[in-house]
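>>> quick one, what's the 3D model for this:
(chains A and B)
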Amino acid sequence: MLVGVGPLGGITLLAASSDPATSRPQGPRGRAGKDFDGRGILASLSRGSLSVINRMGDGGTERMGVPQRTPEAQARGMGRGSGQVIRVRALRKAYGTKAALDGVDLDVDRGEVVALLGPNGAGKTTTVEVLEGFRSRTAGEVAVLDEDPEHGSRAWRARIGVVLQDLGSFDELRVREVVRHWSHFLADPLDPDEVIELVALSDKAGSLGKTLSGGQRRRLDVAVGLVGRPELLFLDEPTTGLDPEARRAVWDLIGRLTALGTTVLLTSHLLDEVEALADRVLVIVDGRVVAAGTPRTLGGRSDAQAVVAFDRPTSDRPLPSEVTGSPVEVDGRRCRITTDRPTAVVAGLSAWAGAAELPGLTVSRPTLEDVYLSLVAHRELAGAGR
Amino acid sequence: MTTTLTGTQELKRGVLALGLERGFLEIKQQIRNKQALFFTLLFPVMLLVLFGAIFGGGKVEGTNVELRQVFIAGIIASGVMSASFSSLAIGIALERDEGMLKRLAVTPMPKAAYFLGKLVMTMALSIAELVVMLAVGVLLYGLDLPATATKWLTLVWVLVLGNLSCSLLGIAYSRLARNGRSAAAVVQPPYIALQFISGVFFVFSNLSKPLQTVAAIFPLKWMAQGMRSVFLPDSFARVEPAGSWEQPRVALVLGAWTVGAFVLCTLTWRWQKDGR
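Numbering: from 1, shown residues only, chains lettered A, B, ... in the order given. Below is the predicted model of the structure:
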């Protein structure tokens, strides 16, 4: 993956989020923005934020087909007050002597999209289930929307939306029947038909659940999670098992919701998903948070050394042993220069090559995947040594 | 715990309305799964035809009552148990295994609505079962429909109490199945064993005393006895172990099981399979 020389930033453990308008380098791209007009429902999702919709209508705040949140939208917190939505301190969950979660801290502010990233079995789902009030905890403090989830009231449940994994399917019910029924759990739900339109299932509204494809089922799951107009939405692996097109459709949907300030806690092991959707990432391995930051800065990614690489030209011209102070490593025809100053190195190379084009020239920094894999590998080695 | 909600987010529908809505959706799902519905309703009919063929038109010793009339009453009772106990124990184990229960548990739906919906569904299934059995009994086996209002009333309360107690037992029993695949295997043995010792296929008083004692612990024996009091002539009552229909006792035992099974449900219920 090629990236430019971005603003520098270090590991920001549990830091407050950066500006959402700049920390979302790429929203989900796709045609979905043209598929249907979800603006009416988006407006009703967040009563009181119509001005935001109008702004979106100006086209000024849409990028790549996905509405981007304006700082105002986030600050306004959808007209429901602001502040912290999730606060977790020293969360511990043990089964016998084995700790599934071992001191997790987590803060999520209103309007943020925070992703929990980690290998299978790392504790992501356990964390989410504790936050949903579905599992008791062994120790630690947890507040979700100012309530302890273990004693979450029904009124509290009405304020959260949950899209879990392995939920079973509505084989013998029609899409519209399911969403309507779910909407009856609340006094102030969204219009079921509009929710169905929002998840792009309108032409399947009369179909039985068993006739839906995997992607359509997942979108029905999302519809059911949304119909209660939640302030906080839990998305546990929302696109696992979906084909790329269906995945884009779900991403687009999530992008539309977050554009209006719905707070989202996402778990995923898909790095592109996290990069596309999240303001902030926490990497969980072995029940601990091993790193946190924006997708751009995670693990010191943005100020890590860059690698300038190129293929040695066929000419006999001798290679420089170093360019602007950085040594050149040669591996067959491939040459690599690791540097803090990639721009200067490229300029130096350019001078060395004269007018010639350097074949295969790349400037790269660690991808999110590189960072993540090194975090996980490091942690697992440490775990094995214990 | 205080809530910061405005008044707008209270439930629009009460437990009763939601429970009924769930019941109708449950019934819809049952009807749409035509294959399962067909075999659920026709299994007791098959038993009836089979036992009718095996035992022929013989009469119960010392009475003027045909043996097959005895087991029509018994199979109606066991059909109610199948529609309530078996269908819920298996169905809920599957829903728990698949995660459907978890899906419901994270909603603000009042939990009682779920159980109410199940009870509505099993009641409908039991009534459908009863209608099919009565039709076959009347058309093929010369079964007489209850002649008096009192007998119809008895049919109603035996059906309701029998269905309630067995449904609640089924809900509690669903916990024993570790996963959806094993559910049927875990649920069928007690159901089949009870059928043999509760006077469904055989005249109850002909069973050995120890078997009678064991059967008398469980609801099926009492439900079958209640059904016999509805469908058999009163002269048959003297063949019963107590020499009478013991209707108050039938009501008492089924009522006690309803209460006991309800308590058992509240103690053992889990919305997710690993229950950790």
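
>>> buried residues in stretch A:199-208?
For stretch A:199-208, the neighbour count (16 or more other Cβ atoms under 10 Å in any protein chain shown) marks A:199, A:200, A:201, A:204, A:205, A:208 as buried. C-beta here means a position set from N, CA and C on the backbone, and glycine is covered the same way.

>>> flag every residue of the stretch 101-250 of chain B that's near chain A.
B:102, B:103, B:105, B:106, B:107, B:108, B:109, B:110 (Cβ under 8 Å from any Cβ of the partner chain).

>>> what about the fourth one, how many neighbours?
What it means is residue B:106. 22 (other Cβ atoms under 10 Å in any protein chain shown).

>>> and the fifth one, by the same measure?
Here the number of neighbours of residue B:107 (other Cβ under 10 Å) works out to 22.

>>> can you list the low-confidence ranges for the stretch 151-276 of chain B?
Filtered on pLDDT under 70, the stretch 151-276 of chain B yields the residue ranges B:274-276.

>>> all helices for the stretch 101-250 of chain B, in order.
B:111-141, B:149-173, B:180-197, B:209-215, B:219-231, B:247-268 (DSSP state H, counting those that start in this stretch).

>>> go on, the stretch 101-250 of chain A?
Along the stretch 101-250 of chain A, counting by DSSP H, counting those that start in this stretch, helices occupy A:124-131, A:154-157, A:175-183, A:192-198, A:214-226, A:244-258.

>>> please identify the most buried of the helices of the stretch 101-250 of chain B.
Each of these was scored by mean neighbour count; the highest is helix B:219-231, a mean of 27, by mean count of other Cβ atoms under 10 Å in any protein chain shown.

>>> that helix to helix B:149-173, inter-axis angle?
160 degrees (axes from the mean of the first three to the mean of the last three Cα atoms, to 10 degrees).

>>> over to the residue lying closest to residue A:319 once chain neighbours are set aside: give its phi and psi.
Distance criterion Cβ to Cβ, 6 or more residues apart in numbering or on different chains; nearest residue to residue A:319, sequence neighbours excluded, is residue A:328 at 5.9 Å. Backbone torsions for residue A:328, taken as degrees, to the nearest 10, come to phi -100, psi 120.

>>> pretty sure residue A:328 contacts residue A:336?
Yes. Residue A:328 is within contact range of residue A:336, at 7.3 Å (criterion: Cβ atoms under 8 Å).

>>> give me the pLDDT for residue 147.
I went with chain A, as the question did not name one. For residue A:147, the pLDDT comes out at 91.

>>> wrong one, chain B
So, for residue B:147, pLDDT stands at 87.

>>> now do the contacts for it.
With contact set as Cβ atoms under 8 Å, 6 or more residues apart in numbering or on different chains, residue B:147 has no partners.

>>> residue of the stretch 101-250 of chain A closest to chain B, please.
For the stretch 101-250 of chain A, the residue closest to chain B is residue A:168, as judged by Cβ to the nearest Cβ, at 3.1 Å.

>>> so what's that residue closest to, chain neighbours aside?
residue B:98 (3.1 Å).

>>> ok, the one you found touching residue A:170?
No. Under the criterion of Cβ under 8 Å, residue B:98 makes no contact with residue A:170, lying 10.5 Å away.

>>> the more surrounded of the two?
residue A:170 (24 against 18).

>>> residues contacting the residue nearest the centre of chain B?
Nearest to the geometric centre of chain B sits residue B:81, at 2.8 Å (Cα atoms, centre = their mean). Taking Cβ under 8 Å, 6+ apart, we find residue B:81 in contact with B:162, B:166, B:191, B:194, B:219, B:220, B:223.

>>> one more: residue A:164?
Residue A:164 touches A:221, A:234, A:236, B:99, B:102, B:103, B:106, counting by Cβ under 8 Å, 6+ apart.

>>> thought the fifth one was touching residue B:95?
Right, residue B:102. No. Counting by Cβ under 8 Å, residue B:95 is not a contact partner of residue B:102; they are 9.3 Å apart.

>>> residue B:230 and residue A:265: what is the separation?
The spacing between residue B:230 and residue A:265, counted by Cβ to Cβ, to the nearest Å, is 58 Å.

>>> with residue A:89 instead?
16 Å.

>>> between those two, which one's more packed in?
residue A:265 (26 against 14).

>>> the more buried one sits in which helix or strand?
Assigned by DSSP states H and E, residue A:265 belongs to strand A:263-268.

>>> ok, residue 138 - contacts?
Picked chain A for this. Per Cβ under 8 Å, 6+ apart, neighbours of residue A:138: A:92, A:93, A:94, A:99.

>>> hmm, I had chain B in mind actually
B:144, B:145.

>>> that one and chain A: what is the separation?
32 Å (Cβ to the nearest Cβ, to the nearest Å).

>>> next one: that residue from residue B:144, what distance?
8 Å.

>>> returning to what we had before: and the furthest pair within the contacts of residue B:81?
B:162 and B:191 (13.7 Å; Cβ to Cβ).

>>> tell me the spatial nearest neighbour of residue A:239, not counting adjacent residues.
Per Cβ to Cβ, 6+ apart, closest to residue A:239 is residue A:247, 4.3 Å.

>>> residue B:174 too?
Nearest residue to residue B:174 in three dimensions, chain neighbours excluded: residue B:92, at 3.8 Å (Cβ to Cβ, 6+ apart).

>>> now for that neighbour, how many residues are close by?
25.

>>> who does the helix or strand harbouring it touch, helix- and strand-wise?
Element membership for residue B:92, per DSSP H and E: helix B:87-98. Contacting helix B:87-98 under the criterion 3 or more Cβ pairs under 8 Å, 6 or more residues apart in numbering or on different chains; DSSP states H and E are the following elements: helix B:111-141, helix B:149-173, helix B:180-197.

>>> the inter-axis angle of the shortest one versus helix B:149-173?
Going back to what we said before, that points to helix B:180-197. Going by the same axes, to 10 degrees, helix B:180-197 makes 140 degrees with helix B:149-173.

>>> tell me which other helices or strands helix B:180-197 touches.
helix B:67-81, helix B:87-98, helix B:149-173, helix B:209-215, helix B:219-231.

>>> same thing but at 7 Å, please
helix B:87-98, helix B:209-215 (3 or more Cβ pairs under 7 Å, 6 or more residues apart in numbering or on different chains; DSSP states H and E).

>>> and for the second one?
For helix B:149-173, the contact count by 3+ Cβ pairs under 7 Å, 6+ apart identifies helix B:67-81, helix B:87-98, helix B:111-141, helix B:219-231, helix B:247-268 as packing neighbours.

>>> for that helix, the distance to its chain's centre please.
Centroid separation for helix B:149-173 versus its chain: 7 Å, with Cα atoms, centre = their mean, to the nearest Å.

>>> now swap in the longest one and tell me
Helix B:111-141 has its average C-alpha position 8 Å from the chain's average C-alpha position, going by Cα atoms, centre = their mean.

>>> do the last one as well
Centroid separation between helix B:180-197 and its chain, computed with Cα atoms, centre = their mean, is 13 Å.

>>> what does that helix contact?
B:78, B:81, B:85-86, B:89-90, B:93-94, B:97-98, B:173, B:176-177, B:201, B:207, B:211, B:214-215, B:218, B:220 (Cβ atoms under 7 Å, 6 or more residues apart in numbering or on different chains).
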